[in-house]
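1. Next input, structure requested:
(one chain, ligands or ions: 1)
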Amino acid sequence: MPAGVILAGGRSTRFGEQDKAVADLAGVPMLRRVADRIGGVVDELVINCREDQRDAIEEAVCDYPNPTKFAIDSDPDQGPMAGIRTGLAACDDEYAFVVACDMPFVDSELVNYLFERAEGHEAAVPRLGDGWFQTTHAVYEPNPMVEACDTALGEEKRKIVEPLFELDYVVVEEEELQKYGSLESFENVNTKAEFEAAVQRFRP
Ligand SMILES: Nc1nc2c(ncn2[C@@H]2O[C@H](COP(=O)(O)OP(=O)(O)OP(=O)(O)O)[C@@H](O)[C@H]2O)c(=O)[nH]1
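-> Numbers count the residues shown, from 1 in each chain. All right, here's what the predicted structure looks like:
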């Protein structure tokens, strides 16, 4: 089975004081909810974060059933693309699903489908009806994507779609995604209000 990479190296500025990765989402840290949701479709889990986040995140995944490793940012605050790069560089697998720590509704059926669509290509990237590529909810072949991120970062191109254009990638459109899973998968939690709304949805 392939790997899962959870991105958690952001500063949660819209969220407030606390690191949203480990915020208690109806009894379970948010990042752990993401990990649990994808646990059946990935065998190893790579967590990208800063060194100062590590202890709290380690506690959140200490009893996670699959092998877990950390990919720590040597140069923090370089944006999500740098996080994707660091996370993927720690993967030995043929493919990896990259997901943000603030996507607690991630749907494993969709993740499975993205792995299928990536076969024979270097990436499978969803695109929703609004036209945005969901690069932090996508499957990549680690080596080519790491190389493409290095090129983009080296040229100071910070847009997260930039490395894609170096890859043989397939776009998975909203209409297709809907047939295989729930679009809730792409919802992310940025603010306290969004977090409270998510808590209500997780409460029995
Ligand atoms: N490694 C790394 N990951 C990042 C960085 N910035 C954002 N991310 C991750 O990328 C994903 C999407 O980022 P955002 O939703 O903007 O999260 P954030 O940056 O923590 O939140 P804001 O500060 O409110 O923008 C999250 O999983 C973040 O943890 C960064 O500078 N480095």
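2. tell me the phi and psi of V34?
-> Main-chain torsions, V34, degrees, to the nearest 10: phi -60, psi -50.
3. isn't it right up against V98?
-> No - between V34 and V98 there is no contact under CB atoms under 8 Å: 11.2 Å. Every C-beta, even on glycine, is put in place using the N, C-alpha and C of the backbone.
4. List, one by one, the residues from the chain near the ligand.
-> Selection of the chain residues close to the ligand by CB under 6 Å from any ligand atom yields 7-15, 48, 73, 77-80, 82-83, 100-102, 136, 188, 190.
5. repeat that for 8 Å
-> Taking CB under 8 Å from any ligand atom as the contact definition, the chain meets the ligand at 6-15, 20-21, 48-50, 73, 76-80, 82-84, 86-87, 99-103, 136, 188, 190-191.
6. Taking these, please make a PyMOL selection of just the buried ones.
-> Of the residues of the chain next to the ligand, the buried ones go into a single PyMOL selection, burial set by 16 or more other CB atoms under 10 Å:
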select buried, resi 6+7+8+9+10+12+15+20+21+48+49+50+73+76+80+82+83+84+86+87+99+100+101+102+103+136+188
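7. Restricted to helices, list the residues of the chain next to the ligand.
-> Applying DSSP state H to the residues of the chain next to the ligand, the entries found in helices are 80, 82-84, 86-87.
8. Just the closest of the residues you listed to V61, please.
-> For these, the residue nearest V61 by CB to CB is G87; the value is 14.4 Å.
9. my guess is the closest one contacts V98, does it?
-> Yes - G87 is in contact with V98 according to CB under 8 Å; the separation is 6.5 Å.
10. Find residues that contact each of those two.
-> Residues touching both G87 and V98 by CB atoms under 8 Å, 6 or more residues apart in numbering: 5, 7.
11. who does the lengthiest helix in the chain touch, helix- and strand-wise?
-> Once the chain is assigned using DSSP H, the helix that runs over the most residues is helix 142-154. In terms of contacts (3 or more CB pairs under 8 Å, 6 or more residues apart in numbering; DSSP states H and E), helix 142-154 is packed against helix 80-89.
12. if we go to 10 Å?
-> Using 3 or more CB pairs under 10 Å, 6 or more residues apart in numbering; DSSP states H and E, the elements in contact with helix 142-154 are helix 80-89, strand 96-100, strand 123-127, strand 137-140, strand 169-173.
13. looking at these, which is closest to L153?
-> Among the helices and strands packed on helix 142-154, the nearest to L153 by CB to CB is helix 80-89 (6.3 Å).
14. Please state the offset of that closest one from the chain centre?
-> Helix 80-89 has its C-alpha centroid displaced from the chain centroid by 10 Å (CA atoms, centre = their mean, to the nearest Å).
15. residue contacts, R37?
-> 4, 99, 103-108, 111, 185 (CB atoms under 10 Å, 6 or more residues apart in numbering).
16. shaky segments in this protein?
-> Along the chain, the model assigns pLDDT under 70 to no residue.
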